[in-house]
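Engineer: Pasting the sequence and the predicted model now:
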Amino acid sequence: MPGHIYLCFLWHMHQPFYKDLATGEYKLPWTRMHALKDYYGMVKVLEEFPAVHQTFNLVPSMLVQIDEYARGEAADPFLRLALKPAEELSGRETNLILQYFFQANEERLIGRYPRYAELLRSRDRMQSNPHLTSAKFDVPMLRDLQVLSQLAWFDEEHLQNDAEVAALAAKGRDFLATDQALLGRKQQEALRKVIPVYREFAARGQIELSATPFYHPILPLLCDSNIAGISHPYVPLPSRFAYPGDAKEQLVRSRDFFEEKFGAPSIGVWPSEGSVSDQVLDMASELGFRWIATDNGVLARTLNQAATPALTYQPYLWEQNGRQIHVLFRDHYLSDLIGFVYSRMNAHAAAEHFLNEIRTNSRPIIDEGRDALVPIILDGENAWEYYQESGRPFLRHLYGLISDDRQMSAVTVTEALKTMPPTKLTGIFPGSWIQANFDVWIGHEEDNKAWEFLLAARQTYDRVMASPRADRLSDEAKRTAWEEILIAEGSDWCWWYGPEHGSANRPEFDQLFRDHVANVYRLLGEPVPTELSRPILSTVSFGLHEPPTGVIKATIDGAISSYFEWLGAGLYRLDQRSGAMHSQRSLIQELRYGSDGRNVYLRVDFSEPVARQPDLEFRLQFRNAASERFYAQHRWRSGALALEETNLPEAGVSAALGTIYETAISMSELHVRYGDSVWVSIAVFRNGLPVAALPITGELEVETREPSAWAF
């Protein structure tokens, strides 16, 4: 008698932790956007197919964000801009909307609404001049963009079953302020449905809920970052990060969060990025998890042979030192067909191709009278923006075919584990779902720098907590500092470092990571390392750089007292469009610099008045041709500017802060001779956190020759 095919779908639902704990604001909107589109509808569609059972893996830190949105307590500047009356938008807000509100799949999300596509074409035609673009986008255009940029993310379930949302979609253009307000209310309603739909379908037994470590860290690397050298020998590695206790805490928090949110702890875990090691499996088993899943590339390296369907389509039982845990290995090829290929095919043809591939792979197994357990595990959100109607036609046809096939069933992981006895494993190869190694997250120069920053912050936390100073810190400061470390341990930051992945939001991810690390120092009352003010990304646009053209004749008074005093200065201007939408980095507009043969001059211009800024710091660093290094730190506090730290004589440093920040540094005190160069950098901090680095990377060379001798 032929065997049976058990399809085991596991959809991984995840977004990074976008909230900045220092400001309380969300720095990117993608958790909200995907909660409107994917998290609810992916479960709700199963109501039409009661025989189809599935597993949904939910990252706790994502659920925390959704819950805050659902309560109406999330401070999201993107949402505020979407709902602000178009007539009241400032020029800067208009530019931000034009930059960020087209970040959606052009064919499937933008192209679905003709007016949205029309607005994109208008923006693109004028993109070479952003000021012209904002001027050409009048109020009706802006309001249509505000509405459509949100409406495009609404799930099919809302478009089909909510009359008011459907009416907005049918209207398509010429929206009113009342439409904006309605869309805000509908977003709140949609977000409130997300967590309850998982609770409802889990209670009826149609879905199983599994978890990921709380902030989505790469557990094997937290336990011991040197393990990356096993899966990829000779890979360049940073200083060793070995905090298995942190890995355990991320798992404990995840388990306990599920018990609080859903009434029972999760018994299954999809470890972040499918990353496993023997130490991780031992830890998960100890904490009561009964199953874990990863990629069949890991299976191949564990068994040292190709992971054929015969090897992949069965459960395994890992056992070591008296502990055990079930393991599933996903079919990498089939999972990637859904994730990356079928969006380009006809929905019905894609669904039929998928099941035919499964039948072909399973035939040798079931012809022997054995059952085949086929693990399909993939991202449950990002793929659907590339599909027609968020993939619903594909999924409906797929689920219908499965429901009608007597030789095939779709089951949860726990149901799957009951179908056949497992094969024993005495160990597992350390790796992830990408090439069974950890190269995406460690080994590249950018990745390694991030690990060095994380390690330094982690060590600082331990040092302060072990010192008498800890008693003087509030419980809230200590708790939040620890939370920031756990957030910074997430895998999402290093996903964007290195050459593997690209995104228009890479600078924002970089800034978010550095902000989380900087917050650790600030909360502990420790100086924030100046290095955290500079991007880890090696390629970041800075805007504009023009070298000096003449001598500086500045009066250091914090004001532009004469048009001519900075006329010959070099100019380094930040590109405000490359920063976060609502970001402290926007305080700094540009740096001017130069020399008069006796002093080095620096001037910082601001994008907003600074007289009422509570706490600003200007940290200057200089290097001469002999590589001697000098520093000076000015702090603006309570309306006064003071030189707080320097290794230069105070007489050699003068500065003033008014509408601008100006400083002059004696060349003789820098040991710079007339005609030599000096290399300069400046970091600006506000409330103890880095605001900007000028230049963004490296140093500026300031030449001290006479104007007539300068060559350009």
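Structural biologist: Everything's here; your move.
Engineer: Which parts of the chain belong to which domain?
Structural biologist: 445-533, 544-709 (automatic domain parsing).
Engineer: Among these, which comes closest to residue 151?
Structural biologist: domain 544-709 (19.3 Å; Cβ to Cβ). (Glycine included, C-beta is placed from N, CA and C.)
Engineer: any idea how far that closest one is from the chain center?
Structural biologist: Per Cα atoms, centre = their mean, to the nearest Å, the displacement of domain 544-709 from the mean C-alpha position of its chain is 32 Å.
Engineer: before we move on, back to that, just tell me which of the domains of the chain ends up closest to residue 164.
Structural biologist: Judging the domains of the chain by Cβ to Cβ, what sits closest to residue 164 is domain 544-709, at 27.5 Å.
Engineer: Show me which residues of the helix or strand harbouring residue 487 are buried.
Structural biologist: Assigned by DSSP states H and E, residue 487 belongs to helix 475-488. The neighbour-count check on helix 475-488 (16 or more other Cβ atoms under 10 Å) flags 478, 480, 481, 482, 483, 484, 485, 486, 487, 488 as buried.
Engineer: quick one: least confident helix or strand in the protein?
Structural biologist: When the helices and strands of the chain are compared on mean pLDDT, DSSP states H and E, helix 130-136 comes out lowest with a mean of 59.
Engineer: Kindly reformat the domains of the chain as CSV containing distance to residue 186.
Structural biologist: Output for these, formatted as CSV (distance: least, Cβ to Cβ, whole Å):
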stretch, distance to residue 186
domain 445-533, 25
domain 544-709, 22
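Engineer: Now tabulate those domains in JSON lines and tack on mean pLDDT.
Structural biologist: Output for the domains of the chain, formatted as JSON lines (pLDDT from 0 to 100):
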{"stretch": "domain 445-533", "mean pLDDT": "95"}
{"stretch": "domain 544-709", "mean pLDDT": "82"}
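Engineer: Give me the neighbour count for residue 167.
Structural biologist: Residues near residue 167, counting by other Cβ atoms under 10 Å, number 11.
Engineer: Check the gap between it and residue 200 for me.
Structural biologist: For residue 167, the distance to residue 200 equals 27 Å [Cβ to Cβ, to the nearest Å].
Engineer: Report the beta-bridge partner residues of the closest residue to residue 590 other than its chain neighbours.
Structural biologist: Among residues not flanking residue 590 along the chain, residue 573 sits closest, at 4.1 Å (Cβ to Cβ, 6 or more residues apart in numbering). Beta bridges link residue 573 to residue 544, residue 590 when assigned by DSSP bridges.
Engineer: So residue 573 is in contact with residue 588, correct?
Structural biologist: No - between residue 573 and residue 588 there is no contact under Cβ atoms under 8 Å: 9.8 Å.
Engineer: Confirm residue 294 sits in a helix?
Structural biologist: No - going by DSSP: H, G, I helix; E, B strand; the rest coil, the assignment for residue 294 is strand, not a helix.
Engineer: how about the nearest residue to it, chain neighbours excluded?
Structural biologist: Residue 294's closest residue in space is residue 274 (Cβ to Cβ, 6+ apart), at 4.2 Å.
Engineer: Phi and psi next, for that neighbour.
Structural biologist: With angles defined as degrees, to the nearest 10, residue 274 sits at phi 60, psi 30.
Engineer: Contact partners for it?
Structural biologist: Contact analysis of residue 274 by Cβ atoms under 8 Å, 6 or more residues apart in numbering lists 293, 294, 295, 298, 330, 377, 432, 433.
Engineer: Return the closest of these with respect to residue 420.
Structural biologist: Among the contacts of residue 274, residue 293 lies closest to residue 420 (Cβ to Cβ), at 16.3 Å.
Engineer: Does whatever helix or strand residue 124 lives in pack against any helices or strands, and if so which?
Structural biologist: Residue 124 is part of helix 114-125 when elements are defined by DSSP H and E. Secondary-structure packing of helix 114-125 (3 or more Cβ pairs under 8 Å, 6 or more residues apart in numbering; DSSP states H and E): helix 139-151.
Engineer: what sits up against the helix it packs on?
Structural biologist: For helix 139-151, contacts defined as Cβ under 8 Å, 6+ apart pick out 36, 81-84, 86-87, 89, 94, 97-98, 101-102, 104, 113, 115-116, 119, 122, 137, 165, 168-169, 173-177, 179-180, 183, 187.
Engineer: Could you check that helix and say which residues are buried?
Structural biologist: Buried, per 16+ other Cβ under 10 Å, within helix 139-151: 141, 142, 143, 144, 145, 146, 147, 148, 149, 150, 151.
Engineer: Check stretch 254-261 too.
Structural biologist: The neighbour-count criterion (16+ other Cβ under 10 Å) identifies 254, 255, 257, 258, 261 as the buried residues of stretch 254-261.
Engineer: quick revisit: next helix or strand past the helix holding residue 487?
Structural biologist: Sequence order places helix 492-496 as the next helix or strand after helix 475-488, per DSSP H and E.
Engineer: Not counting that following helix itself, show me its contacts.
Structural biologist: Where contact means Cβ under 8 Å, 6+ apart, the residues beyond helix 492-496 that reach it are 16-17, 216, 440-442, 446-447, 450-451, 501, 503, 505-506, 509-510, 512-513.
Engineer: how near is residue 90 to residue 590?
Structural biologist: 20 Å.
Engineer: again, but for residue 300
Structural biologist: Applying Cβ to Cβ, the value for residue 300 to residue 590 is 54 Å.
Engineer: who's more crowded, these two?
Structural biologist: Neighbours around residue 300 and residue 590, counted as other Cβ under 10 Å, are more numerous at residue 300. The numbers are 20 against 17.
Engineer: backbone phi and psi for the more buried one, please?
Structural biologist: phi -60, psi -40.
Engineer: Need the per-residue pLDDT for it.
Structural biologist: For residue 300, the pLDDT comes out at 97.
Engineer: swap in residue 2?
Structural biologist: Per-residue confidence (pLDDT) for residue 2: 88.
Engineer: next one: residue 218
Structural biologist: pLDDT, residue 218: 98.
Engineer: and it, how many neighbours?
Structural biologist: Using other Cβ under 10 Å: residue 218 sits among 28 other residues.
Engineer: And for residue 545?
Structural biologist: Residue 545: 12 surrounding residues under other Cβ under 10 Å.
Engineer: Not counting its neighbours along the chain, what's nearest it?
Structural biologist: Residue 545 sits nearest to residue 572 (Cβ to Cβ, 6+ apart), 5.2 Å away.
Engineer: Provide a list of residues in contact with the one you found.
Structural biologist: Residue 572 neighbours (Cβ under 8 Å, 6+ apart): 542, 544, 545, 590, 591, 592, 593, 694, 695, 700.
Engineer: could you redo those as a markdown table and give each row distance to residue 518?
Structural biologist: Formatted as a markdown table, the contacts of residue 572 follow (distance: Cβ to Cβ, whole Å):
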| residue | distance to residue 518 |
| --- | --- |
| 542 | 20 |
| 544 | 27 |
| 545 | 26 |
| 590 | 23 |
| 591 | 21 |
| 592 | 27 |
| 593 | 25 |
| 694 | 17 |
| 695 | 19 |
| 700 | 23 |
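Engineer: Between those residues, which sits nearest residue 522?
Structural biologist: In terms of Cβ to Cβ, no member of the contacts of residue 572 lies closer to residue 522 than residue 694, at 20.8 Å.
Engineer: so what's the backbone phi/psi at the closest one?
Structural biologist: phi -130, psi 110.
Engineer: Does residue 257 touch residue 60 like I think?
Structural biologist: Yes - using Cβ under 8 Å, residue 257 is in contact with residue 60, at 4.4 Å.
Engineer: what touches both of those two?
Structural biologist: With Cβ under 8 Å, 6+ apart, residue 257 and residue 60 have common neighbours 211, 214.
Engineer: burial measure for the residue nearest to residue 590, as a count.
Structural biologist: 17.
Engineer: go on, residue 547?
Structural biologist: For residue 547, using other Cβ under 10 Å, the count is 16.
Engineer: Test my guess that residue 429 contacts residue 227.
Structural biologist: No - in this structure, residue 429 is not within contact of residue 227 by Cβ under 8 Å, at 10.5 Å.
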